[in-house]
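A.B. asks: Let's see this in three dimensions:
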Amino acid sequence: MRSLIAAPLLDSSGSHGMIVLSSRIHVRRFAEQDLELLTALGSVAALRIRNLSRPGPLENCLRVTIGTPTQNRTFWNALRKSIEGGA
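C.D. replies: Purely as a prediction, here's the structure:
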């Protein structure tokens, strides 16, 4: 990891995780303004996450984040095979 910045996903009901931005390629020195912006985005995301977790049209949905696009595809392909009975 060459550069990393993180902020909590916080709202009035508490913490909903972390938002992390990282780069393995570029070295970047983050400024206080970067952290303030990421924290503000984290607060907005936390509100959306909280609203999605309430009963409603997405009540029986699954939200999964694995990592890289390749890792996500691998996960979803394995899940699809399992659901279809191919695992």
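
A.B. asks: distance between the longest helix along the chain and the chain's centre?
C.D. replies: In the chain, assigned by DSSP state H, the helix with the most residues is helix 32-53. In terms of Cα atoms, centre = their mean, to the nearest Å, the centre of helix 32-53 is set 11 Å apart from its chain centre.

A.B. asks: From the recorded domain assignment, give the ranges for the chain.
C.D. replies: Segmentation of the chain into domains, based on automatic domain parsing, reads 1-54, 58-87.

A.B. asks: Worst mean pLDDT among these?
C.D. replies: Mean pLDDT values for these show the minimum at domain 58-87, a mean of 69.

A.B. asks: what's across from Ser15 in the sheet?
C.D. replies: Leu10 (DSSP bridges).

A.B. asks: burial of it, as a residue count?
C.D. replies: 11 (other Cβ atoms under 10 Å). To be clear about C-beta, it is placed using only N, CA and C from the backbone, and glycine gets the same treatment.

A.B. asks: how far away is it from Asn72?
C.D. replies: 24 Å (Cβ to Cβ, to the nearest Å).

A.B. asks: tell me the most buried of the domains of the chain?
C.D. replies: Greatest average neighbour count among the domains of the chain goes to domain 1-54 (a mean of 13), per mean count of other Cβ atoms under 10 Å.
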